[in-house]
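1. for reference, the sequence and a predicted model appear below.
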Amino acid sequence: MNPTQTPFDLITMGRVSVDVYPEQIGVGLEDVSSFAKFLGGSSTNVAVAASRLGHRVATITRTGDDPFGRFVHAALQGYGVDDTWVTSVDGLQTPVVFCEIFPPDDFPLYFYRGVKAPDLHISADDLDYDAIRAAEILWLTVTGLSQEPSREAHLAALEARSGATTILDLDYRPMFWDSPEAATAEIAKALPHVTVAVGNSEECRVAIGETEPAAAAKALRDAGVDLAVVKQGPLGVLGVRGDESVVVPPVPVDVINGLGAGDAFGGALVHGLLTGASLSDTLAGANAAGSYVAGQLSCSDAMPTVDQLSAHLASGDAR
């Protein structure tokens with residue numbers, strides 16, 4: 001990093017894709033007649049969500065040297081996300097993800113990532129450690145631990161942070177791993193370097209062997225995490241930090257597409273941490289952001305601004 005450069009509020013690292021979503025709801029892909037494409041990938045969506053909330057954000061990922069890769073760059077730039085560390089991998093294609101939309105709670109995903117996606121080719125030698133150390137928050141996902149050289153790069157980035165705020169999204173996707181046990185082993189290596197962990201009950205089961213929210217939060221804290229955030233769906237979200245334990249109910253919404261809600265939650269969680277909001281207000285805002293996106297078709301395009309988030313939070317019973 002150039003010494004004169006202002007540090008980023010947030011750097012995310014990991015999965016990217018082009019999401020191809022049907023414009024017809026409630027039908028299988030074989031019956032869909034038209035689609036729309038959006039920027040996707042969990043860590044990329046979190047970057048967009050935080051940028052939309054007014055923060056200076058960059059992302060580290062890899063694409064193919066193809067038209068979809070050019071789309072990723074254009075989309076990131078359009079959302080105000082720095083794409084300096086988004087580069088292409090020769091011979092590989094930018095991942096594409098299709099989904100089906102069956103509201104309110106069935107949204108099958110179909111990942112076209114080849115044998116090994118470009119974003120799993122991030123190398124420890126590629127990283128700008130000065131920028132990673134200087135960022136207020138670093139956000140990583142479990143997918144990045146699934147294969148080398150990405151696994152080594154993620155652990156190197158974590159180790160470089162030396163206790164600064166680092167968030168691990170426990171976003172476990174079974175299709176990216178040989179087994180849940182393999183994921184558990186790699187997550188265990190990462191958790192001692194993590195200050196915040198975020199996941200739902202199934203992701204917590206894979207990460208630390210617990211599904212009951214309080215037990216999962218305790219296990220994450222015992223593993224070294226300062227703030228454990230356990231998402232409970234319609235029961236809201238549990239946050240545990242120090243002696244503070246908070247349960248925040250969800251914000252009601254008529255669900256159109258639940259995909260991307262977790263990434264919106266993540267961007268708003270980052271926003272709350274960066275602005276020094278209380279744990280209760282931070283989680284309420286994150287719930288509202290997830291609810292806001294769940295009520296729309298797209299993911300990245302739907303990420304709310306501060307004004308939209310405030311209005312949506314005020315419209316629901318989030319307290």
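-> Thanks, I have it.
2. how about the strands in the stretch 101-250 of the chain?
-> Secondary structure of the stretch 101-250 of the chain (DSSP state E, counting those that start in this stretch): strands at 109-112, 137-141, 166-169, 196-200, 227-231, 237-241, 244-248.
3. what's the nearest residue to residue 183 if we skip its chain neighbours?
-> Leaving aside its sequence neighbours, residue 183 sits nearest to residue 177 (Cβ to Cβ, 6 or more residues apart in numbering; 4.8 Å). All C-beta spots, glycine's among them, are computed from the backbone N, C-alpha and C.
4. which strand runs longest in this protein?
-> Longest strand of the chain, by residue count under DSSP state E: strand 57-64.
5. what's the angle from that one to strand 137-141?
-> Between strand 57-64 and strand 137-141, the angle formed by their directions is 30 degrees, by axes from the mean of the first three to the mean of the last three Cα atoms, to 10 degrees.
6. so what secondary structure elements neighbour strand 57-64?
-> In terms of contacts (3 or more Cβ pairs under 8 Å, 6 or more residues apart in numbering; DSSP states H and E), strand 57-64 is packed against strand 10-13, helix 42-52, helix 67-78, strand 81-82, strand 86-89.
7. just tell me which of these ends up closest to residue 260.
-> Closest to residue 260 of these, according to Cβ to Cβ: helix 42-52, at 6.0 Å.
8. that older thread, tabulate the strands of the stretch 101-250 of the chain (TSV), appending mean pLDDT, mean neighbour count and distance to residue 47.
-> Formatted as TSV, the strands of the stretch 101-250 of the chain follow (pLDDT from 0 to 100; neighbours: other Cβ atoms under 10 Å; distance: least, Cβ to Cβ, whole Å):
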stretch	mean pLDDT	mean neighbour count	distance to residue 47
strand 109-112	93	14	19
strand 137-141	98	26	8
strand 166-169	98	26	12
strand 196-200	97	25	15
strand 227-231	98	26	18
strand 237-241	98	21	21
strand 244-248	97	16	24
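9. quick revisit: so how far is the longest strand of the chain from its chain's centroid?
-> 13 Å (Cα atoms, centre = their mean, to the nearest Å).
10. for the protein, what spans make up the helices?
-> 42-52, 67-78, 129-134, 150-160, 180-190, 201-208, 213-222, 261-275, 279-294, 306-315 (DSSP state H).
11. residues of the lowest-mean-pLDDT helix or strand in the chain that come out buried?
-> Lowest by mean pLDDT, DSSP states H and E among the helices and strands of the chain is helix 306-315, with a mean of 90. Using 16 or more other Cβ atoms under 10 Å as the test for burial, helix 306-315 gives 308-309, 312-313.
12. what's the closest of those residues to residue 58?
-> Closest approach between the buried residues of helix 306-315 and residue 58, by Cβ to Cβ: residue 309, at 21.8 Å.
13. so the least confident helix or strand of the chain versus helix 42-52, what angle?
-> Angle of helix 306-315 versus helix 42-52, following the same axes, to 10 degrees, is 100 degrees.
14. residues contacting helix 306-315, please?
-> Residues outside helix 306-315 that contact it (Cβ atoms under 8 Å, 6 or more residues apart in numbering) are 53-54, 251, 268, 271, 284-285, 288-289, 291-292, 304.
15. export the residues you listed to TSV and tack on pLDDT and neighbour count?
-> Shown next, in TSV, are the contacts of helix 306-315 (pLDDT from 0 to 100; neighbours: other Cβ atoms under 10 Å):
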residue	pLDDT	neighbour count
53	98	26
54	98	14
251	87	25
268	98	32
271	98	24
284	96	25
285	96	28
288	94	28
289	95	32
291	93	25
292	94	25
304	96	24
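16. any stretches of this structure with poor pLDDT?
-> For the chain, applying pLDDT under 70 flags the ranges 1-4, 316-319.
17. redo that, cut-off 90
-> 1-6, 104-105, 114-115, 162-163, 233-235, 250-253, 256-259, 297-299, 313-319 (pLDDT under 90).
18. of the helices and strands packed on strand 57-64, which is nearest residue 155?
-> Using Cβ to Cβ, the nearest of those to residue 155 is strand 10-13, at 11.4 Å.
19. show me what that closest one is packed against.
-> By 3+ Cβ pairs under 8 Å, 6+ apart, strand 10-13 packs against helix 42-52, strand 57-64, strand 137-141, helix 150-160.
20. buried residues, the last one. List them.
-> The one in question is helix 150-160. Neighbour-count burial for helix 150-160 [16+ other Cβ under 10 Å]: 150-151, 153-158, 160.
21. quick one: that helix to helix 180-190, angle?
-> Counting by the same axes, to 10 degrees, helix 150-160 lies at 30 degrees to helix 180-190.
22. residue 241 bridge partners, please.
-> Under DSSP bridges, the beta-bridge partners of residue 241 are residue 227, residue 244.
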